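Undergrad: build me a structure from this.
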Amino acid sequence: TSGVSPRSAPSENEPQRSMSPAKADEKQESSASLEGRFRAAVAYIRSNPPGATPSAALRLRFYAHYKQATEGRCKGKKPAMYKVEARAKHNAWEALGNMSTREAQLAYIDLVQEFCRSANTPASLRVLKSLLPSSDHSPSPSALTPATASGVLTSTTASSSSLSSSSSSSPIQVHGNMLSQPTRAVLWLCHLAKIPVQFHSIDLAKREHLKPHFLALNPHHQVPVMDDNGFVVFESHAILRYLVAKYAGEATSFYPAELHKRTRCDQYLDWHHTNTRQACKMAVFNRVLAKRFGMLKTDKELEESDTAALRLLDTLERTWLADQPFVAGNHPTLGDLLALCEIDQLMMTPHLMKAAESKPRLNAWITRMRALPHYAQVTEVLRRLAPILAAKL
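TA: Numbers count the residues shown, from 1 in each chain. Next up, the predicted model:
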């Protein structure tokens, strides 16, 4: 995996193991629906909609995701330096790496939805509604108010979420960083459960997490932090449980109310911090991030953190995924969202990601998780930067 991009979710044409004819039809219909939404989004942007002009940066993102969705990975030769526009387009497309057709289509649709919201014209809101999945029961454009329109993920570093179906409450505020694994897990749940959320990017490189305004939210200077109308929570597992408790609905499938299922989920959550998170975090920090902070690690320290990560991958393969498709049973839970966000961080260390993908049960789980809705959105920044950081190893 020289590109160090995430393993693509299986395409709609790939054979699926143990899939019933009914499931296959459902998959096919889903593919057709996505293709229709993608074509509608492309047509809208090509129509040069009046009263709404995308910025140059956004046009580059439209171009890159369209090319990735229709032609696949960028393989052409990089244009010469003096061909500024062509080179910028090439770089934007190349940065998407091995993103699958499905992921690129979803990301393109999300970008257009974000553009429609920011335009906030009657025409753009009609298009916004038409681009929602047919199963999404979001409010009609006429029901959109400034309050409900703001109930979406907004960030200078990440794609926006789908329109939330909860228009009766103000959005929760999430302060975090898209390279933070727990931040991605929290935002992913918000997307999946249609929880209205507004995202505030904290630049860790500029030490914004040590500034007084952030320390007032979390004296432990860690991300993410959630602020729900003045009720502040700063531990990711606590945030996730709070969101399920408050919003219920679709969120409960990721933290079931049934005692045995919830306990299985809690069992993994309690194990996660000192195992999956610790092993992946230290391996990436020692190999990639330490040198950026002027901390040179010895060969012994690098070997030790690599060994711990490999041991963790083996444990996930042999125990948590030994006889079940997800870490807490037959359906994805909060534990799976958190776990994948940690495993995905290994994109920065290609040899460890290759080791993860070499384990059949673990790799099958990774593929299943990456096929969940909104994966492309919450990992866009990571997938763009991981190859750059990995190339400096």
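
Undergrad: surely His209 touches Pro224?
TA: No. His209 is not in contact with Pro224 according to C-beta atoms under 8 Å; the separation is 10.5 Å. C-beta coordinates here come from the backbone N, C-alpha and C atoms, glycine included.

Undergrad: what about these two, which has more around it?
TA: In terms of neighbours (other C-beta atoms under 10 Å), Pro224 is the more surrounded of His209 and Pro224; the figures are 25 against 21.

Undergrad: my read: the more buried one touches Leu179, true?
TA: No. The pair Pro224 and Leu179 fails to qualify as a contact (C-beta under 8 Å) at a distance of 11.8 Å.

Undergrad: for stretch 281-288, what is the distance to the chain centroid?
TA: Centroid separation for stretch 281-288 versus its chain: 20 Å, with C-alpha atoms, centre = their mean, to the nearest Å.

Undergrad: quick check: Asn98 vs Gln198, distance?
TA: Per C-beta to C-beta, to the nearest Å, Asn98 is found 31 Å from Gln198.

Undergrad: and what of Met348?
TA: 28 Å.

Undergrad: neighbour-wise, which of the two wins?
TA: Taking neighbours as other C-beta under 10 Å, Met348 and Gln198 compare with Met348 leading, 26 against 18.

Undergrad: let me see the contact set for that one.
TA: Going by C-beta atoms under 8 Å, 6 or more residues apart in numbering, Met348 touches Val4, Val284, Arg287, Val288, Ala386, Leu389, Ala390.

Undergrad: if we go to 7 Å?
TA: By C-beta atoms under 7 Å, 6 or more residues apart in numbering, the residues touching Met348 are Val284, Val288, Ala386, Leu389, Ala390.

Undergrad: ok, those vs Val327, which is closest?
TA: Val284 (20.3 Å; C-beta to C-beta).

Undergrad: tell me which residues in stretch 58-74 are buried?
TA: 58, 60-69, 73-74 (16 or more other C-beta atoms under 10 Å).

Undergrad: now, which of the residues you listed sits nearest Ser170?
TA: Using C-beta to C-beta, Leu58 is the member of the buried residues of stretch 58-74 that lies nearest Ser170, at 26.5 Å.

Undergrad: remind me which helix or strand that closest one belongs to.
TA: Element membership for Leu58 (DSSP states H and E) is helix 56-71.

Undergrad: can you give me the helices in the stretch 201-350 of the chain?
TA: 212-215, 236-247, 259-272, 278-284, 299-315, 334-344, 350-357 (DSSP state H, counting those that start in this stretch).

Undergrad: looking at those helices, which is buried most?
TA: Mean neighbours per residue, mean count of other C-beta atoms under 10 Å, is largest over the helices of the stretch 201-350 of the chain for helix 334-344, with a mean of 26.

Undergrad: packing partners of that helix?
TA: In terms of contacts (3 or more C-beta pairs under 7 Å, 6 or more residues apart in numbering; DSSP states H and E), helix 334-344 is packed against helix 181-192, helix 259-272, helix 360-370.

Undergrad: would you turn those helices into CSV with mean pLDDT and distance to Leu240?
TA: Output for these, formatted as CSV (pLDDT from 0 to 100; distance: least, C-beta to C-beta, whole Å):
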stretch, mean pLDDT, distance to Leu240
helix 181-192, 97, 6
helix 259-272, 97, 8
helix 360-370, 96, 16
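
Undergrad: which stretch among those comes nearest His213?
TA: The closest of the helices and strands packed on helix 334-344 to His213 is helix 181-192. By C-beta to C-beta, the value is 17.7 Å.

Undergrad: mind saving the C-alpha coords of the closest one as PDB?
TA: The C-alpha trace of helix 181-192 is given here as PDB (Å, rounded to 0.1, in the frame of the first residue of the first chain):
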ATOM      1  CA  GLN A 181      -9.100   9.800  16.500                       C
ATOM      2  CA  PRO A 182     -11.700  10.400  19.300                       C
ATOM      3  CA  THR A 183     -12.800  13.600  17.500                       C
ATOM      4  CA  ARG A 184     -13.500  11.600  14.400                       C
ATOM      5  CA  ALA A 185     -15.500   9.000  16.300                       C
ATOM      6  CA  VAL A 186     -17.700  11.600  17.900                       C
ATOM      7  CA  LEU A 187     -18.400  13.400  14.600                       C
ATOM      8  CA  TRP A 188     -19.000  10.100  12.900                       C
ATOM      9  CA  LEU A 189     -21.700   9.200  15.400                       C
ATOM     10  CA  CYS A 190     -23.300  12.600  14.900                       C
ATOM     11  CA  HIS A 191     -23.400  12.000  11.100                       C
ATOM     12  CA  LEU A 192     -24.800   8.400  11.500                       C
END
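
Undergrad: and that helix with helix 236-247, angle?
TA: Between helix 181-192 and helix 236-247, the angle comes out at 20 degrees (axes from the mean of the first three to the mean of the last three C-alpha atoms, to 10 degrees).

Undergrad: what packs against helix 181-192?
TA: Partner elements for helix 181-192 (3+ C-beta pairs under 7 Å, 6+ apart): strand 172-176, strand 197-201, helix 236-247, helix 334-344, helix 375-378.

Undergrad: next, format those as a markdown table and append mean pLDDT and distance to His220.
TA: Converted to a markdown table, these look like this (pLDDT from 0 to 100; distance: least, C-beta to C-beta, whole Å):
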| stretch | mean pLDDT | distance to His220 |
| --- | --- | --- |
| strand 172-176 | 96 | 13 |
| strand 197-201 | 95 | 17 |
| helix 236-247 | 95 | 12 |
| helix 334-344 | 98 | 18 |
| helix 375-378 | 94 | 23 |
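
Undergrad: of all the ones you listed, which one is nearest Ala80?
TA: Here helix 375-378 is closest among those (C-beta to C-beta), at 31.1 Å.

Undergrad: quick one: low-confidence parts of this structure?
TA: Residue ranges of the chain with pLDDT under 70: 1-30, 134-169.

Undergrad: again, 50 this time
TA: Along the chain, the parts satisfying pLDDT under 50 run over 1-29, 135-168.

Undergrad: which residue of it sits farthest from its center?
TA: Centroid-distance maximum for the chain: Tyr82 at 34.7 Å, with C-alpha atoms, centre = their mean.
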